[in-house]
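Chemist: curious how this folds, go ahead:
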Amino acid sequence: MRRTVTALIGVLLAAVVLTGCGSDDKLEKAQDQVAELKAEQSAGNAALKEARTLLVDMTTYSWKKGKHDFAWVDRLTNADLKDKLAPNVPKLKKLIVKEKVRAQGKILDAAARVVDATQVEIVAFVDQALTRGGDPQVNIDEQRVSMTLVLKDDTWMVDRLDLHTGTNSGE
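Modeler: Just a heads-up that it's a prediction; the model follows:
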């Protein structure tokens, strides 16, 4: 993404030079476009970094006290999504403790598509290693995530979250 933005900036600057450097309107327009592209690049990088952190938080927990708080639910801005997930958290916490579940999320890869400087779409490939009680068996839950982050009050929040999952028992 960085190369694409850098190339676009170079093309815009070259266009200004070739079409008449003396034109203040053209120069101002090109500078505005460069500023917009830089803002979008910055937004994409910041949202991608935040998405990686959120996804690890979502997929990493333990049955041990204080290790399964699900605070990331507060980062959901979509009321329907929050209403759907939040009521399940207490049940999930009980199940995690009862079954002594440990989970460790790992981002295999992720990419961002900037809609604008305040909205970024993310696609990520996340593996979650799951263990239960004294069972040495590690199951890998392969999650493919599509999400939209929106910038609200200088914080990237989840507006849309789609999880596609599969299981690989490691055999």
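Chemist: which neighbouring elements make contact with the longest strand seen in the chain?
Modeler: In the chain, taking DSSP state E as the definition, the longest strand is strand 135-152. Applying 3 or more CB pairs under 8 Å, 6 or more residues apart in numbering; DSSP states H and E, one finds that strand 135-152 contacts helix 24-59, strand 119-132, strand 155-168. Bear in mind the C-beta positions are built from the backbone N, C-alpha and C, glycine included.
Chemist: ok now the first one, how far from the chain's centre?
Modeler: Using CA atoms, centre = their mean, to the nearest Å, we find the averaged C-alpha position of helix 24-59 to lie 14 Å away from the chain's own average C-alpha position.
Chemist: what do you get for the second one?
Modeler: Strand 119-132 has its average C-alpha position 9 Å from the chain's average C-alpha position, going by CA atoms, centre = their mean.
Chemist: adjacent strands (with direction) for it?
Modeler: Paired strands of strand 119-132, with direction, are strand 101-116 (antiparallel), strand 135-152 (antiparallel) (DSSP bridges).
Chemist: any idea how far the nearest residue to Met157 once chain neighbours are set aside lies from Asn45?
Modeler: Closest residue to Met157 apart from its sequence neighbours, by CB to CB, 6 or more residues apart in numbering: Thr77 at 4.3 Å. Distance from Thr77 to Asn45, counting by CB to CB, to the nearest Å: 20 Å.
Chemist: try Lys84
Modeler: Counting by CB to CB, the gap from Lys84 to Asn45 is 30 Å.
Chemist: what of Ala51?
Modeler: Using CB to CB, one gets 11 Å for the distance from Ala51 to Asn45.
Chemist: of these two, which one has the most company?
Modeler: For the pair Ala51 and Asn45, the greater number of neighbours falls to Ala51 (25 against 15), based on other CB atoms under 10 Å.
Chemist: so for the residue lying closest to that one once chain neighbours are set aside, what's the pLDDT?
Modeler: Spatial nearest neighbour of Ala51, chain neighbours left out: Ile122 (4.3 Å); criterion: CB to CB, 6+ apart. You'll see Ile122 listed with a pLDDT of 98.
Chemist: which residues are in contact with Ile122?
Modeler: Listed by CB atoms under 8 Å, 6 or more residues apart in numbering, the contact partners of Ile122 are Ala47, Leu48, Ala51, Ala110, Ala111, Ala112, Arg113, Val145, Ser146, Met147, Thr148, Leu149.
Chemist: any quick ChimeraX command for the buried ones out of those?
Modeler: Here is the ChimeraX command that picks out the buried ones among those, judged by 16 or more other CB atoms under 10 Å:
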select :47,48,51,110,112,145,147,148,149
